[in-house]
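Asks: Using only what follows, build the 3D model:
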Amino acid sequence: MRHWKAATAGALLLAGCSNAPVDKAPAPEGDNILHISWGGIAEADEGEAKRHWSTWAINLVDGGPAYGWMSEMDAAFPHTLKFELAGTGKVRAVALDNRFEPVVREDGSMSQTAEGSPVRRFALLGSTAGPDGPFETLVIGEARADAQTLITLPKETAARWLQLRIDSNWKGSGATRLSDLAVYGELDQRGAAGEADVSGVYAHEYGPIALRQSGQDILGCYNNGLGTLRGTAFGRIMRLAWFSKEEGSIGSATLVAANGKLYGFWYRPEDKMGSPWNAVKEQTLDSADLGACRAALYPPA
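Replies: Numbering: from 1, shown residues only. Sure, this is the predicted structure:
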C-alpha cells in the first residue's frame, strides 16, 4: 500500500460544541446511515487536493475521531460539506464529534495537539431530488467544543443528499475542524444505488487501481502490480482484502463505488482507522494497458 505520511496528521482530530452532548443524551433511534459501511460518502471540498489526507472530508464517515476534516486557513464562512447516502433515508438525528484524539503514526511519532478551531454553529440540509438540490433545512444547532453533540431533528425527514453548512467555529476565524459526522435513521436499502459494474481503472495519486467485477466477486490490482485485491460487492459497498508480495504486507479495504469514483479507506491489520483511498475512474479494462495487473484481474481458470 502507499506510504503513510506522517506530516500534520494531528490536524484532523477535532473538537466540537453544542446543546446536547452524546454522552448525556439518549441513544438515537436507528443506525448511522452515513457511515462508510452503510455506503455513505463525502465529496471532496474545494482545496482538498492541496491538503494532507488526514484533513479530507471522507474521514468524516469513518465513525471515529482519529482523523477528520479541516478547512483552509483563510476560507470564509460558511463552509459547505456534501454527503450522499446509499439510498433515501429517514433522518432522525445528527451527531457532530469535535473531540481530539492523539494518533500514533507508523513512524512512532504522535500528534499532540489539534490544529484549527472546532465547529460551532451549523445547519444540516437534505434533498431527495439530487446532489444539486433543492435542499431544505433539517436542523440548525451549535456543537460543543471538545465533545460529541447529538441533536434530534424537529421531525423525521427523508433525504439522500446532505449538506453540512458550517457557519462559525469557536475561535471565530481561521481554519475550522471536525472529527466525525453521524446521521441516524433508517435507510431504504443498505448499500443500494451502486454502480452497475465497478470494472475499470481508477486514477490515484500513488498509482492506478484496477478492478474487475463478476457478479458480486471483485478482483483487483493496485500500483501497477505492487499488490492485489480480492473481495465482494454488496450494492455499492466493496469489502476487500489486499496483499502486497513486494512489501510482505496484507490488510483490508472498504470502498464505495459511486458517481464514477471510489470512496473509502484501506487498513493494515493493526489499524484502528484507515487512510483514505479515493480514486476517479479513468478507463475501462478493455481500453487500458493492464501490464502486470492482467494476471491478477484475469487469473487462469
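
Asks: List the residues that contact Gly185.
Replies: 29-31, 33, 89-93, 156 (CB atoms under 8 Å, 6 or more residues apart in numbering). For the C-beta atoms, the positions are set from N, CA and C on the backbone; glycine is no exception.

Asks: Which two among the residues you listed are spaced furthest apart?
Replies: Using CB to CB, those span at most 14.1 Å, a distance reached by Asp31 and Glu156.

Asks: residue nearest the centroid of this protein?
Replies: Of all residues in the chain, the one closest to the mean position by CA atoms, centre = their mean is Ile58, 2.7 Å from it.

Asks: right, and that one touches Asn278 too?
Replies: Yes - look at Ile58 against Asn278 with CB atoms under 8 Å: they come within range, at 6.0 Å.

Asks: Quick check: neighbours shared by those two?
Replies: The contact lists of Ile58 and Asn278 share 44, 263-264, where a contact means CB under 8 Å, 6+ apart.

Asks: Between those, which sits nearest Ser37?
Replies: Gly264 (9.8 Å).

Asks: Which secondary structure state does the closest one sit in?
Replies: strand (DSSP: H, G, I helix; E, B strand; the rest coil).

Asks: measure it to Gly47 for me?
Replies: 21 Å (CB to CB, to the nearest Å).

Asks: Repeat that for Gly63.
Replies: Noted for Gly63: a distance of 25 Å to Gly47, by CB to CB.

Asks: more neighbours, the two?
Replies: Comparing Gly63 with Gly47 by other CB atoms under 10 Å, the one with more neighbours is Gly63, at 17 against 12.

Asks: Please name the nearest non-neighbouring residue to that one.
Replies: Nearest non-adjacent residue to Gly63, counting by CB to CB, 6 or more residues apart in numbering: His35, 5.2 Å away.

Asks: which residues does that neighbour contact?
Replies: 61-63, 182.
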